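*Asks:* sequence? don't have it. structure:
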């Protein structure tokens, strides 16, 4: 494939198509509207369905329904819309419904700055819906990675029967850059696990050795119940502790035992580093620029870029921090993922470089923090 | 770090600054270069401040925004007042004299881009394409061939011809300016 100029939102939409997404429901909102625009055109071309819903609550409900019906499904929104989706995201967590929710972050709270970037929804992506639940959150730093991580988001959603949140930001969503997409035949696409047992034996929430119960679409002759209440293996409401506790343990275990597949990150020059910059999303671009400038000045600075931010990659962060004095965490908020870094690096100094005014953090600001002792 | 070339195109919403950035970026790709294009604008569709930034490099581009512009195009007074200080030393400032009355010093190239556009195509909106031709003509940032191909590919249906005309006028005026300076 040849190189072309492409927007992050467009790459996300194309990634969804490549991953097998055949259903999109959404409500337009800057800076995520471009994703819906592309999919409104592209989905019908591949036999998929696009629906503009009345709001984000309904959009989230629609993709849950589509997924239960057997389609790989996605919605895309930004800040205020993401807030509205939270209740149904919890439903998808409880009912173990694979789906992808894209949040192209803009500056908040409320309608905030619609056309400006932010990374203010890091904690909301983790804890926005109530109750204890595992969740996977991926955050791309380039147009190409917006494509790749959208594919990975679908794969993880289907493989682990879970909602996956793709946490983009306005900078990556609206930015255009030169990109070459991978040839379709080289893209790994994962389908959900189904079963060959007869309908009368099927248990939609069975405790299987893999911890991921096979999922049969509605309409296939298999009858089961789906609810937001705690449920037994057949999906019916329960208050029995011997059914609730195994469920909780299983849904956390199915994520934790697959961290090797789920955690995506990249390290650069950490071997001899005295200082390490940890960044994700658009800010990772400023961070990498700052690290290069610092190396040119002879400073021993390394870089850890996180593509998966939830579950938080504790082990790699702790490992990288073990050999160094200081960690710099730049992010377009006033310190959200930095809290996690502080939690795992022990007594090493963590310097936050935060900004929540809609401006991207400049390399110079990170370089200043590197120089600060 | 590989050489970065930073271009900032600034004006008002509706003047085509973002599309101009996209065209310049696509021309850079046709020339085999790496490129990023970003933008900043308000929630309104027309009238608010609008700017488009293009970073071109032979190497990888990390930070996609302008740090200090090599070239600044100003299509409004507000844009000029706001961004002229972020220009590199010996950077190029191009101001459309139809919209910009005051520039910070004598180094600015003040030319009537919008008037040239009106005279050539009868449409003010083509001023952004005239500006691109002029900018590329002065800097040689990308090849003329790539610019023509990029304009043709992005021009709204039925307007390729007038946009190519607008581009050509920009190149001609740049050539005229360069040869007059050489003559001195």
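*Replies:* Perfect, thanks for sending it. All of these numbers come straight from a predicted model, not from anything done at the bench. Residues are numbered from 1 along each chain as shown, chains lettered A, B, ... in the order given.
*Asks:* so residue A:367 is in which element?
*Replies:* Take DSSP states H and E as the rule and residue A:367 turns out to sit in helix A:363-371.
*Asks:* how about that helix and chain B, any contact?
*Replies:* Yes - residues of helix A:363-371 contacting chain B under CB under 8 Å from any CB of the partner chain: A:363, A:364. C-beta here means a position set from N, CA and C on the backbone, and glycine is covered the same way.
*Asks:* that helix - what's its average pLDDT?
*Replies:* For helix A:363-371, mean pLDDT rounds to 96.
*Asks:* mind giving me the packing neighbours of that helix?
*Replies:* strand A:275-279, helix A:283-296, strand A:326-331, strand A:349-354 (3 or more CB pairs under 8 Å, 6 or more residues apart in numbering or on different chains; DSSP states H and E).
*Asks:* output the ones you listed in a markdown table; the columns should cover mean pLDDT.
*Replies:* What follows is the helices and strands packed on helix A:363-371, written out as a markdown table (pLDDT from 0 to 100):
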| stretch | mean pLDDT |
| --- | --- |
| strand A:275-279 | 98 |
| helix A:283-296 | 97 |
| strand A:326-331 | 97 |
| strand A:349-354 | 97 |
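*Asks:* show me which residues of chain A are close to chain B?
*Replies:* Counting by CB under 8 Å from any CB, the residues of chain A that sit close to chain B are A:3-5, A:30, A:114-116, A:171, A:174-178, A:285-286, A:288-289, A:292-293, A:296, A:360, A:362-364.
*Asks:* can you select the buried ones from these in ChimeraX?
*Replies:* Command for ChimeraX that selects the buried part of those, burial taken from 16 or more other CB atoms under 10 Å in any protein chain shown:
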select /A:3,5,30,114,115,116,171,174,175,176,177,178,285,286,288,289,292,293,360,362,363
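*Asks:* quick one, grab the pLDDT at residue B:84.
*Replies:* Listed pLDDT for residue B:84 reads 89.
*Asks:* who touches it in this structure?
*Replies:* Shown in contact with residue B:84 (CB atoms under 8 Å, 6 or more residues apart in numbering or on different chains): B:72, B:74, B:93, B:103, B:104, B:108.
*Asks:* at 7 Å what do you get?
*Replies:* The neighbours of residue B:84, taking CB atoms under 7 Å, 6 or more residues apart in numbering or on different chains as the test, are B:72, B:93, B:103, B:104.
*Asks:* what packs against the helix or strand encompassing the first one?
*Replies:* Counting by DSSP H and E, the element that carries residue B:72 is strand B:69-74. Using 3 or more CB pairs under 7 Å, 6 or more residues apart in numbering or on different chains; DSSP states H and E as the contact definition, the elements that strand B:69-74 packs against are strand B:4-12, strand B:87-96, helix B:127-139.
*Asks:* note down every partner strand of that strand and its orientation.
*Replies:* Strand B:69-74 has the following strand partners under DSSP bridges: strand B:4-12 (parallel), strand B:87-96 (parallel).
*Asks:* what strands flank the next helix or strand after the last one, and is each parallel or antiparallel?
*Replies:* So the one you mean is strand B:87-96. As assigned by DSSP H and E, the chain's next helix or strand after strand B:87-96 is strand B:109-111. On the basis of DSSP bridges, the sheet neighbours of strand B:109-111 come out as strand B:87-96 (parallel).
*Asks:* quick one, the partner strand and helix B:127-139 angle?
*Replies:* Counting by axes from the mean of the first three to the mean of the last three CA atoms, to 10 degrees, strand B:87-96 lies at 130 degrees to helix B:127-139.
*Asks:* what's the average pLDDT for strand B:87-96?
*Replies:* On average, the pLDDT along strand B:87-96 is 93.
*Asks:* secondary structure element for residue B:164?
*Replies:* Element membership for residue B:164, per DSSP H and E: helix B:160-183.
*Asks:* quick one, which of the helices and strands packed on strand B:69-74 is nearest to residue A:355?
*Replies:* Nearest of those to residue A:355, taken as CB to CB: strand B:4-12 at 20.7 Å.
*Asks:* identify all contacting residues around the closest one.
*Replies:* B:17, B:20-21, B:24, B:47-57, B:61, B:66-76, B:79, B:83, B:141.
*Asks:* picking that back up, just the helices and strands packed on helix A:363-371: most buried one?
*Replies:* Most buried of those, by mean neighbour count (mean count of other CB atoms under 10 Å in any protein chain shown): strand A:275-279, with a mean of 28.
*Asks:* okay, now residue A:248: neighbour count?
*Replies:* 13 (other CB atoms under 10 Å in any protein chain shown).
*Asks:* wait, residue A:260
*Replies:* Count around residue A:260 with other CB under 10 Å applied: 6.
*Asks:* next up, the contacts around the residue nearest the centre of chain B.
*Replies:* Taking CA atoms, centre = their mean, the centroid of chain B lies closest to residue B:132, which sits 4.3 Å from it. By CB under 7 Å, 6+ apart, the contact set of residue B:132 is B:20, B:23, B:24, B:147, B:167, B:170.
*Asks:* compute the distance between the fourth one and residue A:184, please.
*Replies:* Meaning residue B:147. Distance, residue B:147 to residue A:184, by CB to CB, to the nearest Å: 32 Å.
*Asks:* so for those two, which sits in the more crowded spot?
*Replies:* Using other CB under 10 Å as the criterion, residue B:147 and residue A:184 rank with residue B:147 on top: 28 against 10.
*Asks:* check contacts around the closest residue to chain B within the stretch 201-350 of chain A.
*Replies:* Chain B sits closest to residue A:289 of the stretch 201-350 of chain A, with a gap of 3.8 Å, by CB to the nearest CB. Residue A:289 is in contact with A:363, B:62, B:63, counting by CB under 7 Å, 6+ apart.
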